[in-house]
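>>> Sequence plus predicted model, see below.
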Amino acid sequence: MEYRQSMPSSLTEAVLAGADPAELAALPVPDHYRACVIHASDYDRVQHLPLEARDPGATVHLTEVPMPELAPDEVLVAVMASSINYTTVWSALFWPVPTFQFLARLGRSPRSFDARHNVPYHVIGSDASGVVVRCGPAVRRWQVGDRVVVHCNVVDDEDPWSHADSMLSSDQRIWGYETNFGGLAEFTIVRANQLLPKPAHLSWEEAAVNPLANATAYRMLVSPNGAQMRQGQVVLVWGATGGIGSYGVQYVLNGGGIPVGVVSSSRKAALLREMGCEFVIDRSERDYRFWRDDGAPDESEWRRFGRDIRDLVGEDPDIVFEHPGHATMGASVYVAKRGGTIVTCAATSGHWITYDNRHLWMKLKTIKGSHVANYREAWEANRLIERGRIQPALSTTYPLDAIAEAVRTVRANLHEGKVGVLCLAPDVGLGIEDPAKRASIGEAAITRFARFGSSSAAVNGEARA
Ligand code: NAP
């Protein structure tokens, strides 16, 4: 591909003007673009700091980066909006490992085009909505001009292990975390098998926040690869108004399950009830101390938590939607019903887990690991968004140049649902192609989380009282 110097790019302007595919294809691709990056050199500065002292807002930078070359099976997407995922926070914290380790490993691969990822800056971000502006010659199902959202799972479809379930591929990676050229930028490079159609009734930012969190919750709860919840089952959801939890609660309700949502404020409890979750536990009000000051787990607190759930619902959870990790896993294993499943995808509070194994084996419980979703699962999850059965959990949207504040907000757990970021989109509310469908799904349902938007620096935020 030949790139010519042009900033601001006329291609960018054409995308914003909704130009037709022929016009987009005829315009030159800019040779640089604005992107949120972390720098390898910052690791030297922060690596000796304890995690609590690290500031993700100080290590994420908005800068211009060179346009990478496009591989034959890739597309170039002009990114309208993206989101903050916890992977973004981990990247900026250089924790638990600096993501440059992933880029270096990828760079050592003998496969063509992998070496380009190994540079001393990492364009981060694992969600995007936007417009396809170039397709590599091996791309068959997508065209310039397609409006898309991006699934974060990167797999090599020549790997035989990727075919029953691509999450089993030894080569599986998260785009914008374990690969470079991610979504918090004006342009991104993704494999064609990461693309999903953009739901036409949503704005750019409403569409951008869903793919990663929505697909993760779908696999954990709905897919045969996860807990495969049945109707009537009780599901305990930690962080029930957080990024993945807000989709988890929706899947439980959609599937005829009974969610028990755990949150940490009365404000989040109110949002959860408005979502239709009848059984709510405010963990800050109940002040559970699962860990004693001497670092030992306190089983009497697990029992108090279990009693609270039984008092609310009348029975123990069939499934626990687990992700806080160290802080909660012991309690999660304890409170799950005999024969129940603890499905886990993360460990936000720490990776080292303590639980009493007697409660697992003697009560025949299962701990099930889950990680993002394969393409089929992501497609099904996106279809449910398209059909208005799952709503975006977008609460707050920041402009790209407020990336530091956006990342700090998520790290400090000051947000609800998902935090969006405008990349090329100049304002919120743009990109809705099907207002009739939007009206039939209902503005109130689509914008439920936005009414709880929490940052005054955000584009659509209300200051917290
Ligand atoms: P998020 O938006 O910050 O939500 C996490 C929620 O967890 C918070 O809202 C908080 O809710 C709750 N929480 C945090 N610390 C807790 C603690 N110590 N005890 C109990 N609850 C706690 O983050 P997210 O986007 O949902 O991601 C959550 C985790 O999943 C992250 O570690 C992320 O990296 C991981 N993740 C993994 C995958 C995967 O495929 N493996 C995919 C997506 C995300 P309250 O304060 O209201 O209780």
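All right, it came through fine.

>>> low pLDDT regions in the stretch 251-400 of the chain?
Residue ranges of the stretch 251-400 of the chain with pLDDT under 70: none are present.

>>> okay, whichever strand or helix holds residue 58 in CSV with CA atoms only?
According to DSSP states H and E, residue 58 maps onto helix 56-59. Listed in CSV are the C-alpha atoms of helix 56-59, where the atom choice follows Å, rounded to 0.1, in the frame of the first residue of the first chain:
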residue,chain,number,x,y,z
PRO,A,56,-2.4,4.8,34.6
GLY,A,57,-3.2,8.3,33.5
ALA,A,58,0.4,9.3,33.6
THR,A,59,1.6,6.5,31.3
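
>>> name the helices or strands packed onto it?
Packing partners of helix 56-59 (3 or more Cβ pairs under 8 Å, 6 or more residues apart in numbering; DSSP states H and E): helix 86-93, helix 403-411. Backbone N, C-alpha and C define where each C-beta goes, glycine included.

>>> just checking, residue 227 touches residue 336?
No: counting by Cβ atoms under 8 Å, residue 227 stays clear of residue 336, with 10.6 Å between them.

>>> Look up the residues that both of those two are in contact with.
Common contact partners of residue 227 and residue 336 (Cβ atoms under 8 Å, 6 or more residues apart in numbering): residue 319.

>>> Where is the longest helix in this protein?
Taking DSSP state H as the criterion, the chain has its longest helix at helix 299-313.

>>> Please point out which parts of the helix holding residue 58 sit buried.
For helix 56-59, burial by neighbour count (16 or more other Cβ atoms under 10 Å) applies to 56, 57, 59.

>>> hmm, back to that, okay, the helices and strands packed on helix 56-59 in JSON lines with mean pLDDT, mean neighbour count and distance to residue 17 next?
Shown next, in JSON lines, are these (pLDDT from 0 to 100; neighbours: other Cβ atoms under 10 Å; distance: least, Cβ to Cβ, whole Å):
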{"stretch": "helix 86-93", "mean pLDDT": "97", "mean neighbour count": "24", "distance to residue 17": "30"}
{"stretch": "helix 403-411", "mean pLDDT": "98", "mean neighbour count": "23", "distance to residue 17": "25"}
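
>>> In the longest helix of the chain, which residues are buried?
For helix 299-313, by 16+ other Cβ under 10 Å, it's 301, 302, 304, 305, 306, 308, 309, 313.

>>> about what we covered before: make JSON lines out of the helices and strands packed on helix 56-59 and add distance to residue 254.
JSON lines is the format used below for the helices and strands packed on helix 56-59 (distance: least, Cβ to Cβ, whole Å):
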{"stretch": "helix 86-93", "distance to residue 254": "24"}
{"stretch": "helix 403-411", "distance to residue 254": "26"}
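
>>> Enumerate the residues of this structure near the ligand.
Residues of the chain found near the ligand (Cβ under 6 Å from any ligand atom) are 85-87, 212-213, 216, 238-239, 241-245, 262-264, 268, 283, 323-324, 327-328, 345-346, 348-349, 371-372, 410, 413.

>>> Recalculate using a threshold of 5 Å.
86, 216, 238-239, 242-244, 263-264, 268, 323-324, 327, 345-346, 348-349, 371-372 (Cβ under 5 Å from any ligand atom).

>>> picking up where we left off before, average pLDDT for the helix holding residue 58?
Per-residue pLDDT over helix 56-59 has a mean of 98.

>>> Over to stretch 72-80?
On average, stretch 72-80 scores 98.

>>> if we can go back for a sec, looking at the buried residues of helix 299-313, which one is closest to residue 367?
The closest of those to residue 367 turns out to be residue 302 (Cβ to Cβ; 15.7 Å).

>>> quick one: the helices in the stretch 101-250 of the chain?
204-208, 211-221, 243-254 (DSSP state H, counting those that start in this stretch).

>>> now the end-to-end length of stretch 112-127.
In stretch 112-127, first residue to last residue: 25 Å (Cα to Cα, to the nearest Å).

>>> Oops, could you answer that again for stretch 228-241 instead?
Start and end residues of stretch 228-241 are separated by 21 Å (Cα to Cα).

>>> buried residues in that stretch?
Quick answer for stretch 228-241 (16+ other Cβ under 10 Å): 228, 229, 233, 234, 235, 236, 237, 238, 239, 240, 241.

>>> export the residues you listed to CSV and tack on pLDDT?
As requested, those are arranged in CSV below (pLDDT from 0 to 100):
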residue, pLDDT
228, 98
229, 98
233, 99
234, 99
235, 99
236, 99
237, 99
238, 99
239, 98
240, 98
241, 98
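
>>> which of the residues you listed sit farthest apart?
Largest pairwise distance in these, by Cβ to Cβ, is 24.0 Å, between 228 and 241.

>>> Residue 69 against residue 114, yeah?
No: using Cβ under 8 Å, residue 69 is not in contact with residue 114; the gap is 11.7 Å.

>>> So between the two, which is more surrounded?
residue 114 (17 against 12; other Cβ atoms under 10 Å).

>>> All the strands of the stretch 101-250 of the chain, residue numbers only.
Under the criterion DSSP state E, counting those that start in this stretch, the stretch 101-250 of the chain contains strands at 121-123, 129-135, 147-150, 153-154, 173-174, 187-191, 195-197, 234-237.

>>> Kindly compare burial across these and name the winner.
Among the strands of the stretch 101-250 of the chain, the stretch with the highest mean neighbour count (mean count of other Cβ atoms under 10 Å) is strand 234-237, at a mean of 29.

>>> Partner strands of that strand, with direction?
Sheet pairing for strand 234-237, assigned by DSSP bridges, gives strand 258-263 (parallel), strand 319-322 (parallel).

>>> okay, those in CSV with mean neighbour count and distance to residue 75 next?
Shown next, in CSV, are the strands paired with strand 234-237 (neighbours: other Cβ atoms under 10 Å; distance: least, Cβ to Cβ, whole Å):
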stretch, mean neighbour count, distance to residue 75
strand 258-263, 27, 37
strand 319-322, 30, 33
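
>>> could I get those strands as CSV with distance to residue 405?
Below are the strands paired with strand 234-237 laid out as CSV (distance: least, Cβ to Cβ, whole Å):
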stretch, distance to residue 405
strand 258-263, 23
strand 319-322, 29
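
>>> Which one of the ones you listed lies nearest to residue 358?
strand 319-322 (17.2 Å).

>>> other SSEs contacting the helix or strand following the closest one?
Scanning forward in sequence from strand 319-322 by DSSP H and E, the next helix or strand is helix 329-335. Counting contacts by 3+ Cβ pairs under 8 Å, 6+ apart, helix 329-335 is packed against helix 299-313, strand 319-322, strand 341-344, helix 357-361.

>>> who wins for proximity to residue 136 among those?
strand 341-344 (36.2 Å).

>>> The closest one - contacts with which helices or strands?
strand 319-322, helix 329-335, strand 366-369.
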